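> Take this sequence and fold it.
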Amino acid sequence: MIDVPKRGEMGKRVQVVVREQAGFLRRAVGGSGRERDALLLGAKTVIAAMIAWVLARYLLPPTVSTFAPFTALVALQATVYRSVRDSAQYLVAMAAGAALAATLAAVLGVHGWTFGLLTLIALCVGRIRRFGHQGTQVAIVGSSRSPPGRERSTTSGTWPLR
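Numbers count the residues shown, from 1 in each chain. Here you go, the predicted model:
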């Protein structure tokens, strides 16, 4: 059963959330600490996503430019080292997923059972420690990648099967 708030409770909940967020902002602006670090990381993330979107819009084809802000959001971390590490893991995981999908499609063809095999192998490969928390990208990219030489707009011969 869904817990429906009684009359007036929703307003009180909103007030509590607003007070908590206002306190967070006061602490962030007031001095160094966890709140300021979180606020700065948020600002850096917004700026990085905006720059990635603008650059991708002018430099990349429309089919891939939408991934630029997403990549910026995924890759930006609290330190430069973590940002670089996560970006590298993300790129390698995406490349592994695309290569796995292309290889299986070329060798075994595009069938329901090969899609299942692709997903199983990609999930196993994604568990390799070097991928870190980006390991799921192997399966995500692998299952969404069109086999080479096939158009995405067709309904046959693409992964995922439609």
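
> What's the mean pLDDT across the strand or helix carrying Gly97?
Using DSSP states H and E, Gly97 sits within helix 80-108. Computed over helix 80-108, the mean pLDDT rounds to 88.

> just stretch 111-121 next, same as before
Across stretch 111-121, the per-residue pLDDT values average to 89.

> With stretch 130-146 instead?
Here the average pLDDT along stretch 130-146 is 82.

> buried stuff in it?
131, 134-135, 137-143, 145-146 (16 or more other CB atoms under 10 Å). Placement of C-beta: from N, CA and C, glycine included.

> Equivalent analysis for stretch 99-112, please.
Neighbour-count burial for stretch 99-112 [16+ other CB under 10 Å]: 100-102, 104-105, 110.

> just stretch 60-67 next, same as before
So stretch 60-67, judged by 16+ other CB under 10 Å, has buried residues Ser65.

> Can you get me the start-to-end distance on it?
Length of stretch 60-67, first residue to last, CA to CA, to the nearest Å: 10 Å.

> contacts for that stretch?
53, 56-57, 59, 68 (CB atoms under 8 Å, 6 or more residues apart in numbering).

> what do you get for stretch 127-145?
Contacts of stretch 127-145 (CB under 8 Å, 6+ apart): 74, 85-86, 89-90, 92-94, 96-98, 100-102, 115, 118-119, 122-123, 125-126, 159-160.

> Just the CA trace of it, in CSV.
Output of stretch 127-145 as CSV, limited to C-alpha atoms (Å, rounded to 0.1, in the frame of the first residue of the first chain):
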residue,chain,number,x,y,z
ARG,A,127,34.0,-8.0,-13.8
ILE,A,128,37.8,-7.7,-14.5
ARG,A,129,39.2,-5.6,-11.7
ARG,A,130,40.9,-3.1,-14.1
PHE,A,131,37.5,-1.8,-15.3
GLY,A,132,36.7,-0.7,-11.7
HIS,A,133,33.1,0.5,-11.4
GLN,A,134,33.0,1.1,-15.2
GLY,A,135,32.8,-2.6,-15.9
THR,A,136,29.1,-2.6,-16.6
GLN,A,137,29.8,-0.4,-19.6
VAL,A,138,31.2,-3.4,-21.4
ALA,A,139,27.7,-5.0,-21.4
ILE,A,140,25.9,-1.7,-22.0
VAL,A,141,27.9,-0.8,-25.1
GLY,A,142,28.1,-4.3,-26.3
SER,A,143,24.4,-4.8,-26.3
SER,A,144,23.6,-1.5,-27.9
ARG,A,145,26.3,-1.6,-30.6
